[in-house]
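Visitor: please work out how this folds:
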Amino acid sequence: MSEKPHYAGHRKRLKARFLKSGAEALPDYEMLELLLFLGQPRADMKPVAKRLIEHFGSFAGVITAEPQRLGEIDGVGEAAIAALKIAQASAERLLRERVMGAEVIGSWQALLDYCQVSLGFEKTEQFRILFLNNKNALIADELQQKGTINHTPLYPREVIKRALDLGASAIILVHNHLKALRSVEKTNVISMI
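Guide: I've put the predicted structure just below:
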């Protein structure tokens, strides 16, 4: 009779611990394991999760990594990449729903959290515009320009034209400064007009 592998029952125990105690009870690599389970029905995903965190530096670094770079890690296939990218897209959607239609000034931290998730981990500079109605509620969030690693153009004519098209009363310009992101991942809200 063959001996069971050391990880037999690990998935069941990990899922039960998550459901009982929540995400705070799990270290980052175990949260990644749970996501990787979705893409790999039968395998020990702990070593893969640990390799991912070691390579990308953090849970957020893994989730926001480009699919091509994720695929370079041994044990990460298309299904695992899809699971990780679904987690990222889900987080962005949850945060966007918290700020869409809400008074931005009244929920400034929610807006900053949303900007951080949707823009803070990008590898190239981007310029986003948040369009507000006359009650300062967010009516649209659009990527205006995508640049290079240290430059992104902004065309005021296009900004104003789009604001008029949407009937926006105010705009918030958001730009990720990648120099600042090298040590601390953050997004800078430039101004509200």
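Visitor: how about the lengthiest strand in the chain as PDB, C-alpha atoms only?
Guide: Longest strand in the chain by number of residues (criterion: DSSP state E): strand 138-146. In PDB, the C-alpha atoms belonging to strand 138-146 read as follows (Å, rounded to 0.1, in the frame of the first residue of the first chain):
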ATOM      1  CA  LEU A 138     -18.200  59.700 -10.800                       C
ATOM      2  CA  ILE A 139     -19.900  59.200 -14.200                       C
ATOM      3  CA  ALA A 140     -16.900  57.800 -16.100                       C
ATOM      4  CA  ASP A 141     -13.300  56.700 -15.700                       C
ATOM      5  CA  GLU A 142     -11.300  56.600 -18.900                       C
ATOM      6  CA  LEU A 143      -7.800  55.900 -19.800                       C
ATOM      7  CA  GLN A 144      -6.800  59.000 -21.800                       C
ATOM      8  CA  GLN A 145      -3.200  58.100 -22.700                       C
ATOM      9  CA  LYS A 146      -0.800  55.300 -22.200                       C
END
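Visitor: which parts of that strand are buried?
Guide: 138, 140-141, 144-145 (16 or more other CB atoms under 10 Å). The C-beta positions use only the backbone N, C-alpha and C, and glycine is treated the same way.
Visitor: can you name the two of these that are farthest apart?
Guide: 138 and 145 (19.5 Å; CB to CB).
Visitor: ok so, going back, which strands and helices sit next to the longest strand of the chain?
Guide: Using 3 or more CB pairs under 8 Å, 6 or more residues apart in numbering; DSSP states H and E, the elements in contact with strand 138-146 are strand 126-132, helix 156-166.
Visitor: most tightly surrounded among the ones you listed?
Guide: strand 126-132 (a mean of 21; mean count of other CB atoms under 10 Å).
Visitor: residues making contact with that one?
Guide: With CB atoms under 8 Å, 6 or more residues apart in numbering as the test, strand 126-132 has contacts from 104, 111, 115, 118-119, 138-147, 152-154, 159, 162-163, 166, 168-176.
Visitor: nice, that's everything, thank you.
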